[in-house]
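Q: below are the sequence and a predicted model; questions follow.
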Amino acid sequence: MAEEPYLALHRQGRLYGPTDQELVLRTPFEVQQFTLDAQGSLRAEVDTRAFQKHPLSPERLRDLQYLWDVERSTMGQVRHVVVSYTNKESRVAAFLTTWAYERHWIADAYQAILEAHGQDVSGPVVHDHLFLDRVEMALDTLAPMTDSVWTNLFGEDVVAGQMARGWSREASMRAAIQAFDDAAGHPELSALLQRVVRLKRVHERFFAVETGERVRRSPRAAAFARRYVSFGFNPMRPVGVSRNAFREFIASVCPTVHDTHLLLQQADEPLQRTPETAGTEPLRRALERDGVVNRYALF
Amino acid sequence: MAFNIDKFAETSQRVKWADLDMGEFITRPLPEKTLRCLRYMCDVEYHTVCYMRDMLVTPSHQDRDVSTFMTMWNREEYWHGEALAEVLGLHGIVVDYDELKAKRMKLGWSEALKPLKQSLLSNMVGADFIATHMAWGAANEWSAVAAYRRLADLEKHPVLAVLLKRIAAQESRHVAFYATQARRRLESSRKAQRLTRFALRKFWAPVGSGVMDPDEVDHVMRELFGGKDGAHEIDRLDHNIAKLPGMDGLRIFHNATAHARESYRAEAVSA
């Protein structure tokens, strides 16, 4: 019977993997420790009474709602990764499992503040979608079909592209939260936002190290990284969130050209430090493409 | 009773085993047949991300409750994999990132193209496809709870039994979500009932069948559900599925494990 030789089927304890080489890329980022240290609910750190005394203005609540929407879109972002070749990367999958968990609780903390201001957050958010938004959403519905095929044809180099997008998203959102914090000037809100920024820095570090290691190993991976952050990508606006909401958010947290410069510098600068992704400027391209800024007016 | 997603999320935690005397596995190691079952369970837990992927290609990820559940569920299942990998590691069986990647690569194009298939079906069928996913998930989770409890009872290892019962307790919460969602969605659509009944009757196979070799599936079903107590458990599982709207009379567990249980009977007779 098959039971007896079961352990004998293993080579150095392994049933499937090779014994003489590592299949998974290891970087200095300790994924195991990250999964162990996962940050759960942040509600205890939100003093809702402080917001009753000093409520946020309607404009700042709208900004917060935008950030809430972006954090809530995490599963849509996970979807793009898990339908692709990257799903085979078990170490990346372990990171994303905890990353999605932490982002859920960041969104929940934002929700607690919205609730403290009497906002109804139970129903689905109604977006003012433009024609372009709807086209984008339709294409996104079809993406799993195409992505599952072509990413598996190209193999592991594709992972660099997805990691670069993750890097750009985290850097951009960290910069956006900082801009929102500066614009709001609310001490209790600031305490939470700075806590979120610290979590985002950890997420950013994973994606940055992962991208760096991969693009240095393969020119094709570097090409994927550049393409992924250069075309059809907005690091601050997930699919499903309208262009109008994005424009309003940027106009609100960056009312002056100087503020916009600062946001772009903080969001795009990290990718400039790696030669393979230098010059991509994903947020700047997205702002120009979505009609938020005019390149000649701004620079 | 309605499933409270906020309460589920608030109370979601990784399964703990630091308080258990894991050294007991050194002094009282598990037999090979049990290690083989544990390896199966471990691989299936780590592959939850693949099951989640199939759900994510439907529009369900835009639903707040479903999105929250999938986040917590995926993390809990990941930690079930970690706990079982620790037990296997104490017996010299390595389940690490490399081993998991090797397993996923071995599955090749059949696994890689699943999003294409699921996405096509989802776009063709529409929202009713989510009901089928939920009923399918309920069947998987019901069988997972039963499998962990059966292995704990059969092996009677003082540490393994505690660990498996902790995992089973978390799986029971997953059942509650899937069954509630399936019931609600099936109640509101006759088309969803017909589609789900057809899909379960024609295609449902024990959780892990698409990922593990048929010999491994057979071994686990034989070990856990062979014999009189196993048959009783299978009847109970079929009863649960039959209670979902439009699923009366379905015997998916009985049919899916018939071959394995028959081989258990033949072995018992020849012994």
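A: That came in fine, so what should we check first? Residues are numbered from 1 along each chain as shown, chains lettered A, B, ... in the order given.

Q: what's whichever residue of the stretch 151-299 of chain A sits closest to chain B sitting at in phi/psi?
A: In the stretch 151-299 of chain A, no residue comes nearer to chain B than residue A:152, which is 4.3 Å away by C-beta to the nearest C-beta. (Each C-beta comes from the backbone N, C-alpha and C, glycine too.) Taking degrees, to the nearest 10, you get phi -80, psi -20 for the backbone angles of residue A:152.

Q: so who does the closest residue to it other than its chain neighbours touch?
A: Once flanking residues are discounted, residue A:152 sits nearest to residue B:112: 4.3 Å by C-beta to C-beta, 6 or more residues apart in numbering or on different chains. Residue B:112 sits next to A:85, A:148, A:149, A:152 when contact means C-beta atoms under 8 Å, 6 or more residues apart in numbering or on different chains.

Q: can you put those residues in JSON lines and add secondary structure and neighbour count?
A: JSON lines is the format used below for the contacts of residue B:112 (DSSP: H, G, I helix; E, B strand; the rest coil; neighbours: other C-beta atoms under 10 Å in any protein chain shown):
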{"residue": "A:85", "secondary structure": "helix", "neighbour count": "23"}
{"residue": "A:148", "secondary structure": "helix", "neighbour count": "26"}
{"residue": "A:149", "secondary structure": "helix", "neighbour count": "16"}
{"residue": "A:152", "secondary structure": "helix", "neighbour count": "20"}
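
Q: quick check: the farthest pair among those residues?
A: Largest separation among the contacts of residue B:112 by C-beta to C-beta: A:85 and A:149, giving 10.2 Å.

Q: okay, helices next: where are they in the stretch 151-271 of chain B?
A: B:158-187, B:190-203, B:214-225, B:227-242, B:252-270 (DSSP state H, counting those that start in this stretch).

Q: kindly apply the preceding question to the stretch 1-150 of chain A instead.
A: Secondary structure of the stretch 1-150 of chain A (DSSP H, counting those that start in this stretch): helices at A:31-36, A:48-53, A:58-72, A:74-82, A:90-116, A:131-154.

Q: which parts of the last one are buried?
A: Within helix A:131-154, the residues that qualify as buried by neighbour count (16 or more other C-beta atoms under 10 Å in any protein chain shown) are A:133, A:136, A:143, A:144, A:145, A:147, A:148, A:149, A:151, A:152.

Q: that older thread, now do the residue of the stretch 151-299 of chain A closest to chain B, the pLDDT please.
A: On the pLDDT scale, residue A:152 is placed at 94.

Q: also residue B:58?
A: 83.

Q: next one: phi and psi at it?
A: According to degrees, to the nearest 10, residue B:58 has phi -90, psi 170.

Q: next one: phi and psi at the closest residue to it other than its chain neighbours?
A: Closest residue to residue B:58 apart from its sequence neighbours, by C-beta to C-beta, 6+ apart: residue B:122 at 4.5 Å. The phi/psi pair for residue B:122 (degrees, to the nearest 10) reads phi -60, psi -40.

Q: quick check: residue B:122 touching residue B:60?
A: No. Counting by C-beta atoms under 8 Å, residue B:60 is not a contact partner of residue B:122; they are 9.0 Å apart.

Q: neighbour count winner among those two?
A: Higher neighbour count among residue B:122 and residue B:60: residue B:122, with 26 against 22, using other C-beta atoms under 10 Å in any protein chain shown.
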